[in-house]
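> pasting the structure only:
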């Protein structure tokens with residue numbers, strides 16, 4: 001199964017807006033690892049939702065649960081950092 005999403009990792013996400021992640025945690029002008037990890041959590045739910053929608057033989061409530069988890073992660077991200085930008089148009 002192929003994941004056909006524009007953004008899958010935090011590197012993909014931040015490169016969309018021309019920002020780099022400070023993996024060495026010594027450059028405060030870049031995105032910090034903790035923020036990048038929060039984006040990865042959101043994107044992991046997006047990939048999961050995408051895969052669950054393409055799978056057969058599963059209950060739709062699993063997708064609904066993942067959508068709810070994603071919504072909560074976005075809410076937390078926006079409270080702690082900035083507005084989450086939607087790049088994956090599969091809803």
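Perfect, I can see it now. All figures in this text were calculated on a predicted structure; none of them were measured in a lab.
> center of the protein - which residue?
Nearest to the mean C-alpha position of the chain, by C-alpha atoms, centre = their mean, lies residue 43 at 2.1 Å.
> you'd agree that residue is up against residue 9?
Yes: counting by C-beta atoms under 8 Å, residue 43 touches residue 9, with 6.5 Å between them. From N, CA and C alone the C-beta is placed, and that goes for glycine too.
> still on that earlier bit, from residue 60, how far out is the residue nearest to the centre of the chain?
Look at residue 43 and residue 60: by C-beta to C-beta, to the nearest Å, they are 22 Å apart.
> quick check: mean pLDDT across the helix or strand hosting residue 78?
Using DSSP states H and E, residue 78 maps to helix 60-80. Here helix 60-80 scores 95 as its mean pLDDT.
> Give me the residues contacting that helix.
35, 38-39, 41-42, 45-46, 48-49, 52-53, 84 (C-beta atoms under 8 Å, 6 or more residues apart in numbering).
> Show the buried residues in the residues you listed.
Among these, the ones that count as buried by 16 or more other C-beta atoms under 10 Å are 35, 38-39, 42, 45-46, 48-49, 52, 84.
> so which two of these are the farthest from each other?
Within the buried ones among the contacts of helix 60-80, 35 and 52 form the most distant pair, 26.4 Å apart (C-beta to C-beta).
> rewinding a little: kindly reformat the contacts of helix 60-80 as a markdown table containing secondary structure, pLDDT and distance to residue 29.
Converted to a markdown table, these look like this (DSSP: H, G, I helix; E, B strand; the rest coil; pLDDT from 0 to 100; distance: C-beta to C-beta, whole Å):
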| residue | secondary structure | pLDDT | distance to residue 29 |
| --- | --- | --- | --- |
| 35 | helix | 97 | 13 |
| 38 | helix | 98 | 19 |
| 39 | helix | 98 | 18 |
| 41 | helix | 97 | 24 |
| 42 | helix | 97 | 23 |
| 45 | helix | 95 | 29 |
| 46 | helix | 94 | 27 |
| 48 | helix | 92 | 32 |
| 49 | helix | 91 | 33 |
| 52 | helix | 89 | 38 |
| 53 | helix | 85 | 38 |
| 84 | coil | 96 | 21 |
